[in-house]
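Trainee: model the structure of this input:
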Amino acid sequence: MRVLIVDDEPELCGQIAQTLRQQQYTVDTAGDGELALEMIFSDPYDLIVLDLMLPGKDGFAVLGELRQEGVATPVLMLTAKGEVVNRVRGLDLGADDYLHKPFSMAELLARIRALLRRSHEQVSPLLVIGPISLDTNTRIVTLGNESVNLTPKEFSLLEFLFYNRNRAISRFNMAEHVWGDAFDPFTMSNNIDVHIKNLRRKLDDQAGRIIITVRGIGYMARDDQS
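Mentor: Below you'll find the predicted structure:
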């Protein structure tokens with residue numbers, strides 16, 4: 001699960017990031033609204049933890065722009081302000097939950113788990129492109145009527161590509177999503193290419209009809225029916 005933390009307090013941001021990484025989340029951070037929007041629009045997240053008081057574009061402006069652009073990612077807003085009017089405004093703009101500072105990390109984790117659980121219940125677990133079906137709940141991949149045996153890394157790569165169908169995904173973003181902070185940037189490109197080659201072979205896609213190479217960038221799962 002990929003989480004973006006948007007907060008201009010470096011110490012708090014670091015504490016949240018460390019706590020989430022200990023729970024096996026992949027975490028990115030941003031200290032202002034403009035950077036947050038740039039990161040969100042360039043690479044999707046499963047959840048956004050968004051502070052209300054930010055330099056430049058505040059949390060309200062960031063949230064409003066996300067919802068206006070059709071980004072439905074769950075947003076947990078953090079605020080030191082307890083006034084009802086701010087809570088109402090945030091919820092009206094599309095916030096999914098509110099958490100007031102100061103808060104305990106245990107409560108933050110509980111809120112995040114609830115939001116992720118709720119968002120996944122609303123989305124079909126089945127991702128389908130052509131003859132390939134991927135069930136995100138059972139982690140079963142089928143080609144036609146035959147199941148395909150993938151390694152955990154191969155499954156995660158395929159899932160990431162299918163979620164972002166018809167979008168070119170860089171090798172760096174693919175490695176960051178699958179390996180988190182553990183990937184080696186010096187061997188990353190070769191590792192991704194090897195995993196893609198194995199995926200194509202197992203999925204009878206050696207010609208790259210579905211998983212296509214985007215020169216100078218990375219790969220894309222092409223869905224001609226979208």
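Trainee: check which residues of the lowest-mean-pLDDT helix or strand in the chain are buried.
Mentor: Sorting the helices and strands of the chain by mean pLDDT, DSSP states H and E puts helix 84-93 at the bottom, at a mean of 76. Residues 86, 87, 90, 93 are the ones in helix 84-93 that count as buried (16 or more other C-beta atoms under 10 Å). Bear in mind the C-beta positions are built from the backbone N, C-alpha and C, glycine included.
Trainee: adding distance to residue 57, write these out as JSON lines.
Mentor: Formatted as JSON lines, the buried residues of helix 84-93 follow (distance: C-beta to C-beta, whole Å):
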{"residue": "86", "distance to residue 57": "16"}
{"residue": "87", "distance to residue 57": "20"}
{"residue": "90", "distance to residue 57": "14"}
{"residue": "93", "distance to residue 57": "13"}
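Trainee: which member of the residues you listed is positioned nearest residue 47?
Mentor: The closest of the buried residues of helix 84-93 to residue 47 turns out to be residue 90 (C-beta to C-beta; 15.6 Å).
Trainee: in the protein, which spans are strands?
Mentor: For the chain, strands defined by DSSP state E occupy the ranges 2-6, 26-30, 47-51, 75-79, 97-100, 126-129, 132-135, 140-143, 146-148, 169-170, 211-214, 218-221.
Trainee: against residue 75, how distant is residue 91?
Mentor: According to C-beta to C-beta, to the nearest Å, residue 91 and residue 75 sit 10 Å apart.
Trainee: from residue 112, how far off is the residue positioned nearest the centre of the chain?
Mentor: Nearest to the geometric centre of the chain sits residue 45, at 2.4 Å (C-alpha atoms, centre = their mean). Applying C-beta to C-beta, the value for residue 45 to residue 112 is 12 Å.
Trainee: need the overlap of contacts for the two.
Mentor: Common contacts of residue 45 and residue 112 (C-beta atoms under 8 Å, 6 or more residues apart in numbering): residue 3.
Trainee: now the longest helix seen in the chain: how far from the chain's centre is it?
Mentor: When the chain is parsed with DSSP state H, its longest helix is helix 105-121. Taking C-alpha atoms, centre = their mean, to the nearest Å, one finds the center of helix 105-121 at 15 Å from the center of the full chain.
Trainee: can I have it written out in CSV, keeping just the CAs?
Mentor: Presented in CSV, the C-alpha positions along helix 105-121 are these (Å, rounded to 0.1, in the frame of the first residue of the first chain):
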residue,chain,number,x,y,z
MET,A,105,0.1,6.9,16.2
ALA,A,106,-2.2,4.0,17.2
GLU,A,107,-5.3,6.1,16.4
LEU,A,108,-3.7,7.2,13.1
LEU,A,109,-3.0,3.6,12.1
ALA,A,110,-6.5,2.6,13.0
ARG,A,111,-8.0,5.4,10.9
ILE,A,112,-5.8,4.5,8.0
ARG,A,113,-6.7,0.8,8.1
ALA,A,114,-10.4,1.7,8.2
LEU,A,115,-10.1,4.0,5.2
LEU,A,116,-8.2,1.5,3.2
ARG,A,117,-10.6,-1.3,4.1
ARG,A,118,-13.6,0.9,3.1
SER,A,119,-12.0,1.9,-0.2
HIS,A,120,-11.2,-1.6,-1.2
GLU,A,121,-14.7,-2.8,-0.4
